[in-house]
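A.B. asks: Next come a sequence and a model predicted from it.
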Amino acid sequence: MKSIDAEPFAYPLPPDTLPVLIVIDMQRDFIEQGGFGSALGNDVSLLLDIVPTVKKLIQAFRDLDLPVIHTREAHKADLSDCPQSKRLRGDCKLRIGDKGPMGRVLIDGEPGNAIIPELTPIEGEYELTKPGKGAFYNTSLQEILDKHGTTLLLFAGVTTEVCVQTSMREANDRGYQCLLVEDATESYFPEFKRAAIDMITAQGAIVGWVADCDEVVEALKDTYGK
């Protein structure tokens, strides 16, 4: 059986299932100046730095005709799916639903809620809005994965310790083999990213595996290339 060179040990690529890439929340609200991330006082340039790597990873899946799923953290315009405990938490200049430089913050359909132009989904790829941190909560992700019959999920996106890790833990509990592409994920706090990766890979990949983009791409080409 072929595999990806990963930590804490090789990530298996069984021949009877195809991997699916899940790209978490690479949206303007989090990555560009003027969005929710910067309103919270964060250095968004840290997230912007991973865009070329995420783009390379997505392109590898496209070239091999493997499924790609994009998520956006987004709420309805009337905020009926946004608990007050979430909206009012913290002390920041902009709250969810407030008018910002790129439209209402974290509201589906607003300019700032769109995936950044460099990573815009193409025809045939999935784009899911999720009102929570995890990609399974109140979305159609489970139905999509059931359709593809996969057991292998590869993750990229932001932020590592919040929405990415939450989604991986949800997937792990549902029996998926999860791998995080380390240089295709990021946090506003580098130490949080490191801690999240340590937690994910601890105790024999208790949540999942971690590997670099180049290792992932080469293994996918070797396994699924024509």
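C.D. replies: The structure has been received and is ready for your questions.

A.B. asks: For A219, see how far away W209 is.
C.D. replies: 12 Å (C-beta to C-beta, to the nearest Å). Yep, even glycine has a C-beta here, placed from its N, CA and C like the rest.

A.B. asks: And for whichever strand or helix holds L57, what's in contact with it?
C.D. replies: Using DSSP states H and E, L57 falls within helix 51-63. By C-beta atoms under 8 Å, 6 or more residues apart in numbering, the surrounding residues in contact with helix 51-63 are 21, 23, 26, 31, 67-68, 116, 118-119, 122, 154, 156-157, 181, 183-184, 213, 216-217, 220-221.

A.B. asks: what's in contact with whichever helix or strand comes after that helix?
C.D. replies: Per DSSP H and E, the first helix or strand lying C-terminal to helix 51-63 is strand 68-73. Contacting residues not belonging to strand 68-73 are listed as 20-27, 29-30, 58, 61-62, 106, 108, 113-115, 119, 121, 125-133, 135, 139, 141, 144, 157, 163, 167 [C-beta under 8 Å, 6+ apart].

A.B. asks: could you pull out the strands for this protein?
C.D. replies: Along the chain, the segments classed as strands by DSSP state E run 2-4, 11-13, 20-24, 68-73, 99-100, 103-104, 126-130, 152-158, 177-186, 209-211.

A.B. asks: Using CSV, lay out those together with mean neighbour count, mean pLDDT and distance to R89.
C.D. replies: Shown next, in CSV, are the strands of the chain (neighbours: other C-beta atoms under 10 Å; pLDDT from 0 to 100; distance: least, C-beta to C-beta, whole Å):
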stretch, mean neighbour count, mean pLDDT, distance to R89
strand 2-4, 18, 97, 37
strand 11-13, 19, 97, 36
strand 20-24, 27, 98, 20
strand 68-73, 23, 98, 14
strand 99-100, 16, 91, 17
strand 103-104, 20, 94, 18
strand 126-130, 18, 98, 18
strand 152-158, 26, 98, 19
strand 177-186, 24, 98, 22
strand 209-211, 23, 98, 29
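
A.B. asks: so which of these gets nearest F36?
C.D. replies: F36 lies closest to strand 99-100 among the strands of the chain, at 7.5 Å (C-beta to C-beta).

A.B. asks: how distant is that closest one from the center of its chain?
C.D. replies: Computed by C-alpha atoms, centre = their mean, to the nearest Å, the chain-centroid distance of strand 99-100 equals 24 Å.

A.B. asks: correct me, but L64 touches Y224?
C.D. replies: Yes. Counting by C-beta atoms under 8 Å, L64 does reach Y224; the two are 4.7 Å apart.

A.B. asks: quick one: the helix holding L57 to chain centroid distance?
C.D. replies: With C-alpha atoms, centre = their mean, you get 13 Å for helix 51-63.
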